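Asker: Quick one, what's the 3D model for this:
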Amino acid sequence: MHIVVAGQGYVGLPLAVRAAEVGHRVVGYDVDPHRVQQLAAGQSCVRDVASSRLRAMLDSGAYSATTNAAALAGFDIAVITVPTPLRDGVPDLTYIESCARTLGEHLRHGATVVLESTSYPGTTEEMMLPILEETSGLKGGADFLAGFSPERIGNKRWSFDGTPKLVSGIDAKSLDVIKDFYDGIFQTTVPVSGPKVAELAKLLENTFRFVNISMINEMAMLADALGVNIWEAIDAAATKPFGFTKFTPGPGVGGHCLPVDPMFLSWKAQQELGIPFRFAELAADVNRHMPDYVVRRLVEALNKRGIAVSGSQILLLGLTYKYDATDLRNSPSARVAELLIGLGADVHGAEPNIPDGDDTELNVPQVDATPEEVAAADAVVLLMDHPRFDLAMIEKHAPYVLDCRNRLSGANVETL
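Answerer: Below you'll find the model as predicted:
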């Protein structure tokens, strides 16, 4: 089939390449000319897609990347995978709106449009569908098909295509076609009764993690005040084979999903129902202040060593929001750096997953985590324990380490 994947970032590119690999003719559409230029040259912008896989699909003619909306004409299925940011607590769906209008201009009888971008329940049927109908002059269900299938990026254990895929449609025919499409890409698809269920399921998944991370972060602060090792307590609790899911503390949450998605539901509940989503609001407050707690712990540790934070040299290790990722979106490291710089510290960052010299994204000067850099710092903060860090070297050479990931040991190490 002729497939369009609108948005070629962390969600769209893996889907587009996988769809091409299973035999579809795929157009990767994006409004960012720099990204499209990279993709057309065979350079993947996403760690989950190796450049060799991308180049193979480009060479076969099964995949192409473009900013030209005319290339969307005649699509059988179009999938929207554009960003849905939160701005000042309000969901920004302008990318979905713009993309739906562009697709509507090329929508034909019998075609299907699937939304994968995360949003509040009702987005597919109450916003995307009317835009497609208005722009195309066609009627959803009668003339074209539509539905929602939330993105689920894989992790270390579960591959992209091995992660079960939720699918939904605005009617039975839409669901059949959408399920059939994803059946060819994913090992398992899970149909649900309608888009609102699928939309809420996505928010439920991420809110579950968000609230539990918030709880364990607050528990870590309480444990420190009580003089109890939170990491040992977590491991002890995790020996229970039922009724407990292990979450670990850290300097905060980042990325597009966790700090953003629960707020979509909170905003929707407050705007339409006048009901506060108290768990999400409380979790957001706790996680928002975790960088402040990290800095407070660091300042206290420096004071004990007779070192003022103003003028001190601080080395932050691991600035992405996620283990072994290249993604800096909403990373708590930015807030940690901002607070320390505001206190007069000389802050450097070591982030092996970001290209050398790309300091604008890091917000602090970038250095390599060498023995010399580690030894020269008054304090080292392990924010993210990337596999490329030499942890034994850090233990040996750092005069003091605040370990936010419980990976180091020794007299010079304190855990969060």
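
Asker: Looks like residue 402 contacts residue 293 (just checking).
Answerer: No: at 10.8 Å, residue 402 does not count as touching residue 293 under the criterion of C-beta atoms under 8 Å. In this view, the C-beta of every residue, glycine as well, is placed from N, C-alpha and C.

Asker: Pick out whichever of these two has more residues nearby.
Answerer: Per other C-beta atoms under 10 Å, whichever of residue 402 and residue 293 has more neighbours is residue 402, with 25 against 20.

Asker: Now do the host helix or strand of that one: distance to the chain's middle.
Answerer: Secondary structure from DSSP states H and E places residue 402 in strand 401-403. Distance, stretch centre to chain centre, for strand 401-403: 25 Å (C-alpha atoms, centre = their mean, to the nearest Å).

Asker: So which other helices or strands are in contact with whichever helix or strand comes after it?
Answerer: Downstream of strand 401-403, the next assigned helix or strand under DSSP H and E is strand 413-415. Counting contacts by 3 or more C-beta pairs under 8 Å, 6 or more residues apart in numbering; DSSP states H and E, strand 413-415 is packed against strand 401-403.

Asker: Tell me the strands beside the strand it packs on, with direction?
Answerer: Taking DSSP bridges as the criterion, strand 401-403 sits next to strand 379-382 (parallel), strand 413-415 (parallel) in its sheet.

Asker: A helix includes residue 99, no?
Answerer: Yes: under DSSP: H, G, I helix; E, B strand; the rest coil, residue 99 sits within a helix.

Asker: tell me the contacts of it?
Answerer: With contacts defined as C-beta atoms under 8 Å, 6 or more residues apart in numbering, the neighbours of residue 99 are 6, 7, 80, 82.

Asker: nearest to residue 133, of these?
Answerer: Of all the contacts of residue 99, residue 133 sits closest to residue 80, with 15.4 Å by C-beta to C-beta.

Asker: Next one: the closest one relative to residue 277, how far apart?
Answerer: Counting by C-beta to C-beta, to the nearest Å, the separation of residue 80 from residue 277 is 25 Å.

Asker: Same drill for those two, tell me which one is more crowded.
Answerer: When residue 80 is set against residue 277 and neighbours are counted by other C-beta under 10 Å, the residue ahead is residue 80, at 26 against 21.

Asker: Bridge partners for the more buried one, pull those for me.
Answerer: residue 6, residue 115.

Asker: looking at this protein, which helix or strand does the model trust least?
Answerer: Ranking every helix and strand in the chain by mean pLDDT, DSSP states H and E puts helix 359-362 at the bottom, with a mean of 59.

Asker: Is the closest residue to residue 318 other than its chain neighbours part of a helix or strand, or is it coil?
Answerer: Closest residue to residue 318 apart from its sequence neighbours, by C-beta to C-beta, 6 or more residues apart in numbering: residue 384 at 2.8 Å. Secondary structure state of residue 384, per three-state DSSP, is coil.

Asker: What are the boundaries of the helices in the stretch 51-200 of the chain?
Answerer: Secondary structure of the stretch 51-200 of the chain (DSSP state H, counting those that start in this stretch): helices located at 51-60, 94-104, 123, 129-136, 172-183, 195-226.

Asker: Kindly export the fourth one (C-alpha atoms) in CSV.
Answerer: What follows is helix 129-136, C-alpha atoms only, in CSV (Å, rounded to 0.1, in the frame of the first residue of the first chain):
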residue,chain,number,x,y,z
LEU,A,129,-12.2,13.9,12.2
PRO,A,130,-14.1,17.2,11.7
ILE,A,131,-10.9,18.8,10.2
LEU,A,132,-10.5,15.9,7.8
GLU,A,133,-14.2,16.2,6.8
GLU,A,134,-14.2,19.9,6.4
THR,A,135,-11.0,20.0,4.3
SER,A,136,-11.8,17.0,2.1
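
Asker: Show me which parts of that helix are buried, residue by residue.
Answerer: Across helix 129-136, burial judged by 16 or more other C-beta atoms under 10 Å covers 129, 131, 132, 133, 135, 136.

Asker: contacting residues for the residue nearest to the first one when sequence neighbours are not counted?
Answerer: It refers to residue 129. Spatial nearest neighbour of residue 129, excluding adjacent residues (C-beta to C-beta, 6+ apart): residue 140 at 4.9 Å. Under the criterion of C-beta under 8 Å, 6+ apart, the neighbours of residue 140 are 129, 132, 133, 146, 170.

Asker: Now the last one. Nearest residue, chain neighbours left out?
Answerer: By the measure of C-beta to C-beta, 6+ apart, the closest residue to residue 170 outside its immediate chain neighbours is residue 146, 5.0 Å from it.

Asker: number of nearby residues for the one you found?
Answerer: Counted with other C-beta under 10 Å, residues neighbouring residue 146 total 28.

Asker: do the same with residue 238
Answerer: The burial count for residue 238: 13, using other C-beta under 10 Å.

Asker: and the gap between it and residue 222?
Answerer: Taking C-beta to C-beta as the measure, residue 238 falls 18 Å from residue 222.

Asker: now residue 397
Answerer: Taken as C-beta to C-beta, the span from residue 397 to residue 222 is 32 Å.

Asker: wait, residue 143 sits on residue 112?
Answerer: No: with contact taken as C-beta under 8 Å, residue 143 and residue 112 are classed as non-touching, separated by 11.2 Å.

Asker: Which of those two has more residues huddled nearby?
Answerer: residue 112 (23 against 16).

Asker: what's that one in contact with, if anything?
Answerer: 76, 77, 78, 144, 145, 146, 147, 174, 177, 178, 181.

Asker: What of residue 31?
Answerer: residue 67.

Asker: Just the pLDDT for it.
Answerer: We have a pLDDT of 96 for residue 31.

Asker: mind checking the SS state of it?
Answerer: Strictly by three-state DSSP, residue 31 counts as coil.

Asker: Next one: the residue sitting furthest away from the middle of the chain from residue 400, what distance?
Answerer: Note on the chain: the largest C-alpha distance from the chain mean falls to residue 306, namely 39.4 Å (C-alpha atoms, centre = their mean). Distance, residue 306 to residue 400, using C-beta to C-beta: 12 Å.
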